[in-house]
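S.K.: Coordinates only, no sequence provided:
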C-alpha cells in the first residue's frame, strides 16, 4: 500500500462480492475495492484489492487517509466526499468510458443520430490518445494542448447546442446531462501529460474477479474475503508487471523461510528495475 500511495494519481473502482452469513446459509453483499496505479506516471504498476463489508465511501476514505492527488472514479455518490474542498485534498478525474457508454447504449437502443455523432466526437479524443501512447509526459501534454483541448471545446459547444434542442426526461437528455454535469472532471486529463483519460485500467483488473464469481459464488467469511483480496493483490500486481504469478509465487515461497524481514519488499511482484531500486536504498 505504501508503494501505491507514492503515486499522485490513482484509479479506483469497486465490485460486489457475495459473503456467506453465519448460521443460516444465506449470503449478503460485500465489496472488493480496487486501487490501481497510473500507467502514465513513472513507478511500479500496482493493483490493491481491499475487501470491505459494504459500499460506503468511508471505506475509500479510510484506505486513502491523507493521500493527496488525482482520483479517477465513476459517478458513484460514495466518492463525492473525497472531493470536498473543505475536508479532502483529492482532485476528481472523470471517466470518458462511462460518458461514452451512455451514448453507446442510446445508439444501440434506437440508432440515435445524436448518439452516433457523440460517439464519433469522443472517438476523436481516443485517437489522439493512441497517437500519444509512446510519448513522454511533456510531449503528450503538448499534443493534448494542440489537439485534445480544441476537440473538447468543440464537443462542449456541440453538447450545449444539442441539449438546448432536446426534450427533458428522455434517454438523449440523460446522456447529454451526464457528460455536461461532469465536464470539469472529464476535461481535466487534457490539461496535463500524465493524467489518464478513463478508468479502463482498473476495470480491466476487476474483470477476472467478476467472471470468477460464477465459479466460486461467494466468500465464506469476512476474514476469507480479506485473504482472497490479499492473494488477488499479489497475483494482479504480478500480471501488471509482466510476471507469471505461479512462477513468482513458487520462487517467493522458496525464498521466504530464510529471507530477512528488513528486505521483505524485495519479494514483491514488481519489475526487476524497481526491486533493484529498493536494494539501492539499503
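M.R.: Arrived safely. Everything numeric here is computed off the predicted structure, so don't read it as measured data. Numbering: from 1, shown residues only.

S.K.: what sits against residue 28?
M.R.: Shown in contact with residue 28 (C-beta atoms under 8 Å, 6 or more residues apart in numbering): 18-19, 21. (Glycine included, C-beta is placed from N, CA and C.)

S.K.: Could you report the pLDDT at it?
M.R.: At residue 28, the model reports a pLDDT of 75.

S.K.: Please renumber the chain so that the first residue is 41 from this point on.
M.R.: All right, first residue 41 from here; so that's residue 68.

S.K.: Below-threshold pLDDT in this protein: ranges please.
M.R.: For the chain, applying pLDDT under 70 flags the ranges 63-65, 125-128, 250-258, 260, 319-322.

S.K.: in it, which spans are helices?
M.R.: For the chain, applying DSSP state H gives helices covering 98-104, 136-150, 153-171, 177-183, 189-204, 211-221, 223-226, 240-256, 262-280, 285-295, 312-321.

S.K.: And the contacts of the shortest one?
M.R.: Put plainly, it is helix 223-226. Against helix 223-226 from outside (C-beta under 8 Å, 6+ apart): 132-136, 139, 196, 219.

S.K.: Could you pull out the buried residues of that helix?
M.R.: 223, 225-226 (16 or more other C-beta atoms under 10 Å).

S.K.: Out of the residues you listed, flag the one nearest to residue 109.
M.R.: residue 225 (14.0 Å; C-beta to C-beta).

S.K.: List the residues that contact the closest residue to that closest one other than its chain neighbours.
M.R.: Of all residues not flanking residue 225 in the chain, residue 134 sits nearest, at 3.5 Å (C-beta to C-beta, 6 or more residues apart in numbering). By C-beta under 8 Å, 6+ apart, residue 134 lies in contact with 112, 222-226, 228.

S.K.: rerun that using 6 Å as the cut-off
M.R.: Residues near residue 134 by C-beta atoms under 6 Å, 6 or more residues apart in numbering: 222, 225-226.

S.K.: which one of the residues you listed is nearest residue 156?
M.R.: Nearest member of those to residue 156, counting by C-beta to C-beta, is residue 226, at 19.7 Å.

S.K.: I'd like to know how many residues surround residue 214.
M.R.: Residues within reach of residue 214, counting by other C-beta atoms under 10 Å, total 14.

S.K.: got it, and residue 181?
M.R.: Other residues near residue 181 number 19, with proximity taken as other C-beta under 10 Å.

S.K.: what's the closest non-adjacent residue to it?
M.R.: residue 233 (3.0 Å).

S.K.: and the gap between that neighbour and residue 95?
M.R.: Here residue 233 is placed at a distance of 33 Å from residue 95 (C-beta to C-beta, to the nearest Å).

S.K.: Could you do residue 164 as well?
M.R.: For residue 164, the distance to residue 95 - C-beta to C-beta - is 35 Å.

S.K.: Who are the contact partners of residue 75?
M.R.: By C-beta under 6 Å, 6+ apart, the contact set of residue 75 is 50, 52, 88.

S.K.: picking that back up, so what does the residue nearest to residue 181 look like in phi/psi?
M.R.: Phi and psi for residue 233, reported as degrees, to the nearest 10, are phi -120, psi 0.

S.K.: tell me the contacts of it?
M.R.: Contacts of residue 233 were listed using C-beta under 6 Å, 6+ apart, and they are 177-178, 180-181.
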